[in-house]
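# Just a sequence and a predicted model for now, questions to come.
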Amino acid sequence: MTEHVPPPARSQWTVALAVSGVVAVVGIAGVWFVLSQQRRLVPDDARAPTAEYGRLLVAQTSWFLGPDQPDPERRYAGSRLNCGSCHLDAGTRPGTLGLTETFQNYPRPSGRDGKEADLKERIDGCMERSMNGRKLPRDSVEMDAMVAYIRSISEQWMATSPERRVVLERAALRPPARAASLEAGQAVFEARCRVCHGSDGEGLLASSDPRRGYVFPPLWGDYSFNNGAGMGRVLTAARFIKARMPFGRADLTDDEAFDVAAYLNSKPRPHMSPERLEQDYPDRSKKPVDSPYGPYADPFPQQQHRFGPFAPIEAYYKKQ
């Protein structure tokens, strides 16, 4: 006698359809994102200090300057990330990590450098840290092109009428008054991040050619940002995650963003040399409370600087 298997309950079908729909939307969004970023690939010899070339460098950094670039002299980025991996829509999306208001804010004081830094120095900071690479020559075509591009989108933003200068973004992160939970962060990653960034955080390559970079970037490992990058700080990463992630549906709570940022930053990644990091923040009291590396101007342990709680550290400096 054949055993009768009842059909799944309506709620089960609903969950299954919802999950399938989310995966489909993510996949379509990813394909669209890659095509939009790569639709205007240009020959490598089409180099000029123009805003258009600067846009391509921001959107397709891995192609032009990454570790798989055929010309060894032009391998400035050690990761396979694009600048646009964090500065979404090649920096044109206003809000968290947007570049629309960047040009007019430089030069400005840099606590990390201990001096006033200009935009070229800031770009080189990203090249060394977020891109895990080396500095661009100040007078290079690539540096001038990036500056021209950032200037162009900043000028467009400033020319926009105030009523149209709207930033559609969630409320700012309010860090929980506790240490981050790596276990809770892992659960968030597996439920909300793994579908795009891979079970091992290795990202999703755009094609079989690694030079084309990623649809969704690696969050740790050899081709991600290094420990000197801003994203290596839990509070910085959590603010970005709450504002922008998951891609196309940013709805994580403060606790979820905080915990998953800590989980990502607990994973192995490239390290800058201790000698290089030692030069950061000549005035140690200006080092961010969530800096994952010492030395510090306070008595709190490195583990607390990495994962919190941060309120006691902030209170210590307010008393100084």
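Yep, that arrived.
# Mind jotting down where the strands sit in the protein?
Across the chain, reading from the start of the chain, the strands by DSSP state E fall at 108-110, 115-117, 204-205, 214-216.
# Going by neighbour count, list what's buried in the first one.
I take that to be strand 108-110. Of the residues in strand 108-110, those with enough neighbours to count as buried (16 or more other CB atoms under 10 Å) are residue 110. Any C-beta I mention is one placed from the backbone N, CA and C, and that applies to glycine too.
# Provide a list of residues in contact with residue 299.
The contact partners of residue 299, taken as CB atoms under 8 Å, 6 or more residues apart in numbering, are residue 316.
# So for residue 269, which of the strands of the chain sits nearest?
Of all these, the one in closest proximity to residue 269, counting by CB to CB, is strand 214-216 (15.2 Å).
# deepest of the strands of the chain, which one?
strand 214-216 (a mean of 23; mean count of other CB atoms under 10 Å).
# before we move on, back to that, mind checking the strands of the chain for the one nearest to residue 77?
If you check each of those against residue 77 by CB to CB, strand 214-216 wins as the nearest, at 12.7 Å.
# quick one on the thing from earlier: got CSV for the strands of the chain, with mean pLDDT too?
Formatted as CSV, the strands of the chain follow (pLDDT from 0 to 100):
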stretch, mean pLDDT
strand 108-110, 96
strand 115-117, 97
strand 204-205, 94
strand 214-216, 93
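# between these, which gets nearest to residue 132?
strand 214-216 (14.3 Å).
# any idea how far that closest one is from the chain center?
The offset between the C-alpha centroid of strand 214-216 and the centroid of the whole chain comes to 12 Å, using CA atoms, centre = their mean, to the nearest Å.
# Repeat that for stretch 143-160.
20 Å.
# One more: stretch 279-298?
Centroid separation between stretch 279-298 and its chain, computed with CA atoms, centre = their mean, is 21 Å.
# if we can go back for a sec, output the strands of the chain in TSV; the columns should cover distance to residue 254.
TSV is the format used below for those (distance: least, CB to CB, whole Å):
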stretch	distance to residue 254
strand 108-110	28
strand 115-117	31
strand 204-205	27
strand 214-216	23
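# Excluding chain neighbours, what is closest to residue 152?
With CB to CB, 6 or more residues apart in numbering as the criterion, residue 152 has its nearest non-adjacent residue at 4.1 Å, and that residue is residue 51.
# just to revisit the earlier point, I'd like to know which of the strands of the chain lies nearest to residue 151.
Relative to residue 151, the nearest member of these by CB to CB is strand 108-110, separated by 15.4 Å.
# helices or strands up against that closest one?
Under the contact definition 3 or more CB pairs under 8 Å, 6 or more residues apart in numbering; DSSP states H and E, strand 108-110 sits against strand 115-117.
# does residue 206 really touch residue 216, like I thought?
No - between residue 206 and residue 216 there is no contact, the gap being 9.4 Å when judged by CB atoms under 8 Å.
# In the stretch 201-320 of the chain, what residue spans correspond to helices?
Assigned helices in the stretch 201-320 of the chain, in chain order: 234-244, 254-265, 274-278, 302-307, 311-319 (criterion: DSSP state H, counting those that start in this stretch).
# ranking those helices by burial, who's on top?
By mean neighbour count, with neighbours taken as mean count of other CB under 10 Å, helix 254-265 ranks first of the helices of the stretch 201-320 of the chain at a mean of 26.
# With that, I have no additional questions.
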